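Visitor: Have a look; sequence and predicted model below, questions after that.
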Amino acid sequence: MKVLETRVVEECLDGVVIREVLFDGRIGATFIKSLEKLGTLEYFPHFPKPFFRVRKSGKYIIKGVEGNETCQIFYIDSSEEIQQLIYRTFQTV
Amino acid sequence: MIYFNNAATSYPKPEGTAAAMGQCLALPPSNLYREDVTQKSVITVCREKIAGLFHFSDPSRVIFCSGSTEALNMAINGLVRPGSRVVTTTREHNAVLRPLSYLCLAGGVHVDTVRCPPPGILDGRRFENALTRETGLAVVNHISNVTGAEADIGAIYSLCEARGIPLIVDASQSAGAIAVDFSSMPLAALAFTGHKALLGPKGVGGLIVGRELDLRIWKSGGTGIRSDLELMPDAWPIKYEAGTLNEPGIAGLAHSLDGILARGLSSIGKQKIDLTRHLVEELEKFDGVTVYSERPERNSSGIVCFNIDHWPAADIGYVLKDAFDIRVRTGLHCAPLMHRELGTFPEGAIRVSFSAANHHGEVETFLQALKTITGQT
């Protein structure tokens, strides 16, 4: 999916950069499954709106809800290289 | 939507509050300090109601501003003596910690911070031990915005009063939640905000300054009267209210106060204690849940703080909002030292905070959501 926009989210968390990503469509199950390439995927399909998160130790956590047009990325390492890797993976689905 | 984030800002506001603000905007603007003697402005009326709420005899010493943060900045900067020591606690919000840090950075002020072990207990003896001959000011949070723990302000006041130390109380969470009686405890200053338990709109709050105390002017500017003077006019409250007051916000707050005063603080407090007891008793049945907040029977502010093993607080907040349409607040709650005391720094915790508009059915729905998330039935 194409990333249309990103914005920094304000949270009372220290040392972590949080970005919200806006896609050009709704997040579906296929997209969520594809995120396995980025780290350990956890998927909770039994929630009223299925929740997912992807963890890459020491680097980032991606989390979102199926059906939404946005997800959040918690960057522990917010280097340009990491950000580009994530955005490239998003766009391959 | 279920709203459990009332310690951040209350929602919904009482019926009629928005209308009171709209009515204020629709009327021709008033000039506060030149008001018609036959008709009080809404600002004067609200000042009197605030004074009444805190059993304070002089409404002219109720200064309006944007909220607790501005009020605390005004009080701290207005009362601190260069070269002195300031005593505060680990329970404080950044609205106190950061102004004090800036004073330290500028030099000439030393801050002594009293440790408050979980759930944020301010022990009188520890506080007393921190007071020295150089202590020129004390700043204490009445109710912790993280745990709901209440400080024994009467005892803290007595310790300060015996040593001639002015005491500033941050009543951000307690104003509208529990009774504060200024007549039996003439504090140096008390900061309040309108948009939390007082159920008013954002952008209005204030500072009550004890009798026979003057603050150094921290904010100066236009007043609409005595424009010939080089400095602020020497009259209360105008000398501390430079600029334009948030009159629609004050009108909304005045309306919200009527509802609180009509129902009574003890009735509101009892409902929050009941909701808190319900939630905490059920949370304690979960595996892997740690509750950090004050015990329900002592928790009139309705604040419950907890964590769930294997689930970062931020993830719980996100899932509750996006998958279950329930609003709570996660993170450090602008009180980093309190979270260090709880052992929850830097990730923080999940905070549920009730208002009198919440009910037990919502608590049940919330518990069901947590069961779904944690896989516990």
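Guide: Now that the structure is in, tell me what you want to look at. Please read these numbers as outputs of a predicted model, since none were measured by experiment.
Visitor: got the buried residues for stretch B:13-32?
Guide: Across stretch B:13-32, burial judged by 16 or more other CB atoms under 10 Å in any protein chain shown covers B:Lys13, B:Pro14, B:Thr17, B:Ala20, B:Met21, B:Cys24, B:Ser30, B:Leu32. (Glycine included, C-beta is placed from N, CA and C.)
Visitor: show me which of those residues neighbour chain A.
Guide: Here nothing survives when those are matched to chain A using CB under 8 Å from any CB of the partner chain.
Visitor: Just the ones of those in strands?
Guide: Among these, no member falls in strands (criterion: DSSP state E).
Visitor: mind listing which of the residues you listed are in helices?
Guide: B:Thr17, B:Ala20, B:Met21, B:Cys24 (DSSP state H).
Visitor: Please, where are all the helices along chain B?
Guide: Under the criterion DSSP H, helices of chain B are mapped to B:17-26, B:42-53, B:68-79, B:94-106, B:124-130, B:153-163, B:247-263, B:265-283, B:313-324, B:336-342, B:360-374.
Visitor: so which of those gets nearest B:Tyr292?
Guide: helix B:336-342 (4.8 Å; CB to CB).
Visitor: Can you tell me what sits against that closest one?
Guide: Identification of contacts with helix B:336-342 by CB atoms under 8 Å, 6 or more residues apart in numbering or on different chains yields A:14, B:90-92, B:94, B:97, B:113, B:115-120, B:144, B:146-147, B:292, B:305, B:332-333, B:345-346, B:348-349.
Visitor: Correct me if wrong: B:Val209 contacts B:Phe182.
Guide: No: with contact defined as CB atoms under 8 Å, B:Val209 and B:Phe182 do not form a contacting pair (10.5 Å).
Visitor: more neighbours, these two?
Guide: B:Val209 (28 against 20; other CB atoms under 10 Å in any protein chain shown).
Visitor: quick revisit: would you format the buried residues of stretch B:13-32 as CSV with pLDDT included?
Guide: Below are the buried residues of stretch B:13-32 laid out as CSV (pLDDT from 0 to 100):
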residue, pLDDT
B:Lys13, 97
B:Pro14, 97
B:Thr17, 98
B:Ala20, 98
B:Met21, 98
B:Cys24, 95
B:Ser30, 72
B:Leu32, 63
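Visitor: Sort out which one of the residues you listed lies nearest chain A for me.
Guide: For the buried residues of stretch B:13-32, the minimum distance to chain A (CB to the nearest CB) is 23.3 Å, reached by B:Lys13.
Visitor: Excluding sequence neighbours, find me the nearest residue to that closest one.
Guide: B:Leu199 (5.8 Å; CB to CB, 6 or more residues apart in numbering or on different chains).
Visitor: While we're on the one you found, how confident is the model there?
Guide: What the model reports as pLDDT for B:Leu199 is 98.
Visitor: Then B:Asn31?
Guide: Reported pLDDT for B:Asn31: 68.
Visitor: Who is A:Phe74 paired with across the strands?
Guide: Here A:Phe74 sits in beta bridges with A:Ile18, A:Ile61, going by DSSP bridges.
Visitor: on that earlier part again, what about the contacts of helix B:336-342, which are in strands?
Guide: Mapping the contacts of helix B:336-342 onto strands (DSSP E) picks out B:Thr113, B:Cys305, B:Ala349.
Visitor: Which one of the residues you listed is nearest to chain A?
Guide: Comparing the ones in strands among the contacts of helix B:336-342 against chain A with CB to the nearest CB places B:Ala349 closest, at 10.6 Å.
Visitor: which residues does that closest one contact?
Guide: B:Val146, B:Tyr292, B:Cys305, B:Phe306, B:Asn307, B:Ala313, B:Thr330, B:His333, B:His339, B:Leu342.
Visitor: next one: B:Ile350
Guide: Contacts of B:Ile350 (CB under 8 Å, 6+ apart): B:Cys305, B:Phe306, B:Asn307, B:Ile308, B:Ala313, B:Ile316, B:Gly317, B:Val328, B:Arg329, B:Thr330.
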